[in-house]
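Participant: pasted the sequence and its predicted model underneath.
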Amino acid sequence: MRTVDLRIDAAWIVPVESPGTLTGHALIVDAGKIAAIVASADADAQFSPRERMSLPNHVLVPGFVNAHTHSAMTLMRGIADDVPLKAWLTQHIWPRESRFVSPEFVHDGTMLACAEMLRGGVTACNDMYFYPGDAVRAYESTGMRALIGLPVLDFPTAYAADAEAYLARGLEARDAWKRVAHVAFSLAPHAPYTVGDATFSRIVTYARQLDLPIQTHLAETRLEVDEARAATGTTTLARLDTLGATGPNFIAVHAVHLDEHDIATLVRHRCHVVHCPASNMKLASGIAPVARLVAEGVNVALGTDGAASNNRLDMMSEMRLASLLAKVSTGDASALPAHQVLAMATLNGARALGFDDVTGSLVAGKDADIVAVDQGTVTTQPVFDPVSHLVNVAERGDVTDVWVRGRRMVAGRSLVAIDEASILARTRIWQHKLEA
């Protein structure tokens with residue numbers, strides 16, 4: 001009999017990578033990895049756990065992957081609601097960023113985001129913001145897995161004066177933190193309308209030399225696409241494709257307004273798309289053609305965007321919105337069924353971020369990034385299909401326990417390794433500064 005660290009018995013286990021839902025099974029964790037998923041009766045004979053948990057009303061799923069966010073912007077949650085995207089950026093967000101964003105701002109905001117995401121079952125994210133090294137400090141201390149976008153723009157901010165300085169500072173941060181095991185890096189030009197061809201070409205060169213993904217906001221609004229066509233005679237994606245940016249390491253965030261050629265380009269180059277339904281709705285950006293992209297074979301993941309535009313880093317609400325938007329936009333009630341949406345929030349996100357060899361599904365040998373969701377409450381009973389319930393019924397408040405690489409981060413709905421009171425105290429200080 002093998003001695004292992006942890007055995008979890010749950011009502012249902014959803015591996016995601018393989019179809020179906022397992023009942024009467026136990027998930028075995030040892031040395032931070034999933035050792036096995038076996039029938040409970042077999043587990044009795046094969047494993048001797050140091051710790052055993054019984055969750056008779058819970059479903060176990062892989063940790064959610066928030067495939068696009070600006071974590072530090074939690075400190076600007078709700079600061080400029082009910083404003084169109086262009087005005088939101090130019091009149092509200094960018095002026096405040098120029099005044100307040102600093103290494104301390106980024107660290108404290110990212111700590112707040114980590115606490116929020118972990119409590120909602122998010123164990124990995126794709127972050128894009130200034131002072132990336134200070135974001136890494138937060139991810140290192142909280143244990144969350146992250147792909148860190150190294151931001152690039154063609155105009156000055158408090159972080160950097162020009163594109164060359166953005167690239168230099170970003171690559172310095174990568175060199176300083178690249179040995180953190182659960183953190184990886186990407187190049188993150190903000191958008192085609194804030195980064196010109198010469199800078200994008202340099203980014204493509206660096207990406208190829210250093211084997212780094214490229215992530216960017218793309219075709220987020222109709223205005224962006226119309227202005228691009230008027231200026232260049234083509235779409236923003238076609239322009240980036242000409243510059244060599246597309247490929248299996250290219251992550252297109254939002255991708256709301258795509259034409260037939262754009263979709264064909266995404267398919268041909270095996271690009272990834274991150275769908276941010278709540279943010280797209282709140283900023284009136286439109287409805288992305290997600291069902292079409294999935295049908296064409298594009299890997300589509302889910303993201304929340306930042307809390308300044310979405311207001312919450314809640315992947316469970318994103319799942320429900322993605323499912324409903326696909327149905328209403330296509331007129332097809334079968335579009336994006338629950339199991340497909342759950343994959344978008346887990347394994348597809350891990351693929352987009354390049355983490356799918358270690359996370360995104362509950363498979364022996366992968367890291368033990370696990371979320372337990374209570375389906376035994378009055379708001380969730382009765383349960384006929386636990387996966388459908390995850391998408392259509394459950395809320396992030398139903399997440400009771402979270403493990404990252406086998407380390408328990410949330411226990412009984414409470415953060416284990418994060419000082420919540422300290423984070424809230426720092427957040428109140430920043431609120432007073434931003435209000436003033």
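Facilitator: Looks like it came in fine.
Participant: which parts of the strand ranked longest in the chain are buried?
Facilitator: Identified as the longest strand of the chain according to DSSP state E is strand 47-62. Within strand 47-62, the residues scored as buried using 16 or more other CB atoms under 10 Å are 47, 49, 53, 55, 57-62. Yep, even glycine has a C-beta here, placed from its N, CA and C like the rest.
Participant: stretch 371-380 too?
Facilitator: Quick answer for stretch 371-380 (16+ other CB under 10 Å): 371-375, 380.
Participant: what's the burial count for the closest residue to residue 114 other than its chain neighbours?
Facilitator: Distances taken as CB to CB, 6 or more residues apart in numbering place residue 142 nearest to residue 114, at 4.1 Å, with adjacent residues excluded. Applying other CB atoms under 10 Å, we find 21 residues neighbouring residue 142.
Participant: residue 142 reaches residue 419, doesn't it?
Facilitator: No - here residue 142 lies out of contact with residue 419, judged by CB atoms under 8 Å, at a distance of 10.3 Å.
Participant: how is the chain divided into domains?
Facilitator: 2-62+360-405, 64-353 (automatic domain parsing).
Participant: mean confidence for the first one?
Facilitator: Right, domain 2-62+360-405. Average pLDDT, domain 2-62+360-405: 97.
Participant: any idea how far that domain is from the chain center?
Facilitator: For domain 2-62+360-405, the distance from its own C-alpha centre to the chain's C-alpha centre is 21 Å (CA atoms, centre = their mean, to the nearest Å).
Participant: how about the longest one?
Facilitator: If you compare the mean C-alpha spot of domain 64-353 with that of the full chain, they lie 9 Å apart, counting by CA atoms, centre = their mean.
Participant: distance between the ends of that domain?
Facilitator: Start to finish, the residues bounding domain 64-353 are 13 Å apart (CA to CA, to the nearest Å).
Participant: one more: the shortest one?
Facilitator: One end of domain 2-62+360-405 sits 20 Å from the other (CA to CA).
Participant: that older thread, to residue 431, which of the domains of the chain lies closest?
Facilitator: domain 64-353 (7.6 Å; CB to CB).
Participant: each with direction, which strands does the longest strand of the chain pair with?
Facilitator: strand 2-13 (parallel), strand 370-374 (antiparallel) (DSSP bridges).
Participant: could you point out which element follows that strand?
Facilitator: As assigned by DSSP states H and E, the chain's next helix or strand after strand 47-62 is strand 64-69.
Participant: circling back: so which of the strands paired with strand 47-62 is the most packed in?
Facilitator: Most buried of these by mean neighbour count (mean count of other CB atoms under 10 Å) is strand 370-374; its value is a mean of 25.
Participant: what angle do strand 64-69 and that one make with each other?
Facilitator: Put simply, strand 370-374 runs at 110 degrees to strand 64-69, going by axes from the mean of the first three to the mean of the last three CA atoms, to 10 degrees.
Participant: kindly export strand 370-374 (C-alpha atoms) in PDB.
Facilitator: Extracted in PDB, the C-alpha atoms of strand 370-374 (Å, rounded to 0.1, in the frame of the first residue of the first chain):
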ATOM      1  CA  ILE A 370      -8.200  21.400  -7.700                       C
ATOM      2  CA  VAL A 371     -11.400  23.200  -6.900                       C
ATOM      3  CA  ALA A 372     -14.300  21.800  -4.700                       C
ATOM      4  CA  VAL A 373     -17.700  23.300  -5.400                       C
ATOM      5  CA  ASP A 374     -20.600  22.600  -3.000                       C
END
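Participant: tell me which residues of the helix or strand of the chain at the bottom of the mean pLDDT ranking are tucked away?
Facilitator: Counting by mean pLDDT, DSSP states H and E, the chain has its least confident helix or strand at helix 85-87, which shows a mean of 88. Under the neighbour-count criterion of 16+ other CB under 10 Å, helix 85-87 has residue 85 buried.
Participant: do stretch 170-184 as well
Facilitator: For stretch 170-184, by 16+ other CB under 10 Å, it's 170-171, 173-174, 177, 182-184.
Participant: show me the contact partners of that stretch.
Facilitator: By CB atoms under 8 Å, 6 or more residues apart in numbering, the residues outside stretch 170-184 that reach it are 131-133, 136, 139-140, 143-148, 150-152, 185, 187, 206, 210, 353-355, 404-405.
Participant: gap between the two ends of it?
Facilitator: Its first and final residues considered, stretch 170-184 spans 12 Å by CA to CA.
Participant: I'd like the strands paired with strand 47-62 as JSON lines, with distance to residue 75 appended.
Facilitator: JSON lines is the format used below for these (distance: least, CB to CB, whole Å):
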{"stretch": "strand 2-13", "distance to residue 75": "35"}
{"stretch": "strand 370-374", "distance to residue 75": "26"}
